[in-house]
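Peer 1: can you look at this prediction? I've put the sequence above it.
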Amino acid sequence: MIALAPASVPGLVVHALRLSWRGRVRPGRVQRLIAALVLGGYALGCGWLGWSLRDTPIVASPELMTAAAITAFVLFSFGFSQALGHAETALYGSGDLDLLLGAPIAPRTVLWAKLLGIAATVLRSHALFLLPPLLPLVVLGHPALACAVVLLPALALVETCAGLVLMLLIVRLAGPRAARSTAQVLTALLAGSVVICTQILRAGGHGQSARNGYAVVYGWARAHHWGETGAPALIARAALGDGLATAALVVLAVALFALTGIGFERGFLAAYRRGVHTGASPARRRRTAKTGISARFARSLLGAILTKELALLRRSPQIMATMLLRMIYLVPMMLILLREQGALLPSVAFIGVFVATQLTGDLAWLVISGEDSPDLMAAAPVAPRAIGRARMLAAMTLGMIALTPVVALLLVRAPILLVVVLPGGLIGAAAAARIQLALEKPTPRSRFGRRAHGASIAANLLVLVSALVIGGVTSAVAWLLLRA
Amino acid sequence: MNDTPALRIADLRKSYDHPVLHGLSLTIPAGQLYALLGPNGAGKTTTLRIVTGLLQPDGGRVEVFGHDIAREPLAARAMTAWLPDEPMIYDKLTPAEYLAFVAGLWRMDPTEARAGAEHLLRWLDLWDQRDTRCEGFSRGMKQKVALAGALIHRPRLLILDEPLTGLDATMARAVKDALRAEVDAGATVIITTHILEVAERMADRIGIIANGTLLAEGTLDDLRALAGPGEATLEDTFIRLTEAAARG
């Protein structure tokens, strides 16, 4: 094994990759087995695809170019999101910049190492998903598609540039502290941007008959001849085996990466220093009460827990964004599926109950398992059952807020349906909270987005099933009520 | 005057993968500042976590002002405050919000709690930061917020595990003054510390434990006397007793 000098750019890149790899959630034995089965199945399926297409010519037809350009856009959205997240971590999350910039290493070396580390991490994700389908195709009859493999590092370099520049822009506009939250929310939104695009297109009347989001985007892109001209066409041609286009894109990506590194060196260091100056996670000064104390002193245990949870939620935009994103992914798909059955109001009833149940499940996890100070709760002179009840009620109260728009709509359109929607929402929320209470496993709140242990997975699945069943029953009763 | 001790521990036993407490017995009178000393792994924190109800003992009995923690856990906890070495606070809450939450957990009257919070925030020099989130605070500031949380419900028994760890001299003085003031106001304070000088200066009584049993207990003079004739310091006594215990 070649020993890399720790203070060199390659040495620091390897160091960054190692930290990123060790920072992932460690899967359990069952999860490892499932992952191996899924990856093995995926690799086999890709191998079979490569074998099946070995004699099929792959030419740059307009349809294929559009598909290739869309795939590149989807990849870019994920890679960009990842790069933004890693740039945020590099600046404020990893905590090793103090060490690196305090060491006798040129700041430029540190910056290049960080940039290459981000690019390598992003490339690893792309490679994991794209090499299994690409390599069999290349080996079994389509060597020109090696250009697509060559494009992956170029794509990762461009995504890194975009991620870093956006992060620095956020720091400049919002300040280091708000930058962390903003970047985390933007990372989640970018990752979901394709789904959001499909929903916007659907709302605009595109692809109503299409069953999946990719088909919706494809239909829109074909209608606009997207991918046939300009930059998207260059990318598509490169991905489909045009060597010259590939070389041009690789040169462009490397040049962009070099220019970004040189141009934003000072910006990167300034952003880091601003973070240090105010603390890595600096405190924001709220408007201080001129006299007395502005905090609310509750009369009851439920009030105290509710007040605390509301304050913590308000100040955790990443958690809010993760919860809302889940709704962005799930709800429109459900709505479309049900709307196609021609039952709008029962669909609304379903969505209301489904969202309230799911949201309560997430909130209950935060309130019950994601308690950051369990010793304080355990040392309080309150029976554990009373604390459990109060936490359930707090989660339900917050979760039921999600039902408000549905209630408002039904009040106008079909008030009779409230007879089933309100109890349905309450039952769903209570079920979700009860499930989280039963499967409680104390975990730091910061792990909300990465709940990978058994109890959390089981609880999430149970909450999802409950939401579907209770929402379904509510919807069916609503449909019967309307018919009657 | 009520002679019920603040804390009575009898034959307390606890094992993890190895025995930690071997029948520890200890009585701490009310209205005193008691320092519990011992080498690392002696069982100090385990003892205190059992007293506060955070750990279940394998055997023995613990009473807080006469309330058996096994039979009347809520009554015992209602008059106890626990301050571990890592402050139990929420980074995203402000000191005022944290105090409001703790007051809610102890079911205090809101008006009384608000007044108490204002007094504590001013007294601990946190008033100007009352509406600032704790996430940017230094360790000492966080420790003061946690101390305010421990004091807001006016505990009769205040238990602190290494309360001065990581504090600068000014902060440490502020915490020591606060503890002494609590004792003067009638509360009982139990602290563990590795800084023997703190115990020497502050404590009314000192207990030394090692290997899960009480080696010696008494006032500073009582312990010095144990070390034999001469000008023995608490450090001399501590080392002599714990080394003898280690030799068995």
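Peer 2: Cool, got the structure.
Peer 1: show residues contacting stretch A:137-157.
Peer 2: A:49-51, A:53-55, A:58, A:72, A:75-76, A:79, A:119-120, A:122-123, A:126-127, A:130-131, A:134-135, A:235, A:238-243, A:245-246, A:249-250, A:252-254, A:256-257 (C-beta atoms under 8 Å, 6 or more residues apart in numbering or on different chains). Yep, even glycine has a C-beta here, placed from its N, CA and C like the rest.
Peer 1: now the residues you listed: which count as buried?
Peer 2: A:50, A:53, A:72, A:75-76, A:79, A:119-120, A:122-123, A:126-127, A:130-131, A:134-135, A:235, A:238-242, A:245-246, A:249-250, A:253, A:256-257 (16 or more other C-beta atoms under 10 Å in any protein chain shown).
Peer 1: mind checking which of the residues you listed are in helices?
Peer 2: A:50, A:72, A:75-76, A:79, A:119-120, A:122-123, A:126-127, A:130-131, A:134-135, A:235, A:238-239, A:245-246, A:249-250, A:253, A:256-257 (DSSP state H).
Peer 1: run through the helices of chain B in chain order.
Peer 2: Remark: helices assigned in chain B by DSSP H are B:44-51, B:73-78, B:95-105, B:110-123, B:139-151, B:169-184, B:196-202, B:220-226, B:234-247.
Peer 1: low-confidence ranges, the stretch 101-250 of chain A, go.
Peer 2: For the stretch 101-250 of chain A, the stretches with pLDDT under 70 are A:103, A:177, A:184, A:188, A:191-214.
Peer 1: restrict the contacts of stretch A:137-157 to those near chain B?
Peer 2: Among the contacts of stretch A:137-157, none lies close to chain B by the criterion of C-beta under 8 Å from any C-beta of the partner chain.
Peer 1: and the helices of chain B, which one is worst for confidence?
Peer 2: Note on the helices of chain B: lowest mean pLDDT is at helix B:234-247, with a mean of 79.
Peer 1: looks to me like A:Val382 is in a helix.
Peer 2: No. Per DSSP: H, G, I helix; E, B strand; the rest coil, A:Val382 lies outside any helix segment and is coil.
Peer 1: measure A:Ala223 to chain B for me?
Peer 2: Note on A:Ala223: its distance to chain B, by C-beta to the nearest C-beta, to the nearest Å, is 47 Å.
Peer 1: I should have written A:Leu12 there, sorry.
Peer 2: Applying C-beta to the nearest C-beta to A:Leu12 and chain B gives a distance of 29 Å.
Peer 1: and the strand or helix carrying that residue, what other elements does it pack with?
Peer 2: Assigned by DSSP states H and E, A:Leu12 falls within helix A:9-22. Contacts defined by 3 or more C-beta pairs under 8 Å, 6 or more residues apart in numbering or on different chains; DSSP states H and E place helix A:9-22 against helix A:107-139.
Peer 1: after the helix it packs on, which helix or strand is next? Please name it.
Peer 2: Proceeding N to C from helix A:107-139, the next assigned helix or strand is helix A:146-191, under DSSP H and E.
Peer 1: tell me the angle of that following helix relative to helix A:107-139?
Peer 2: With axes from the mean of the first three to the mean of the last three C-alpha atoms, to 10 degrees applied, the angle from helix A:146-191 to helix A:107-139 works out at 120 degrees.
Peer 1: if we can go back for a sec, just the helices of chain B: most buried one?
Peer 2: helix B:95-105 (a mean of 27; mean count of other C-beta atoms under 10 Å in any protein chain shown).
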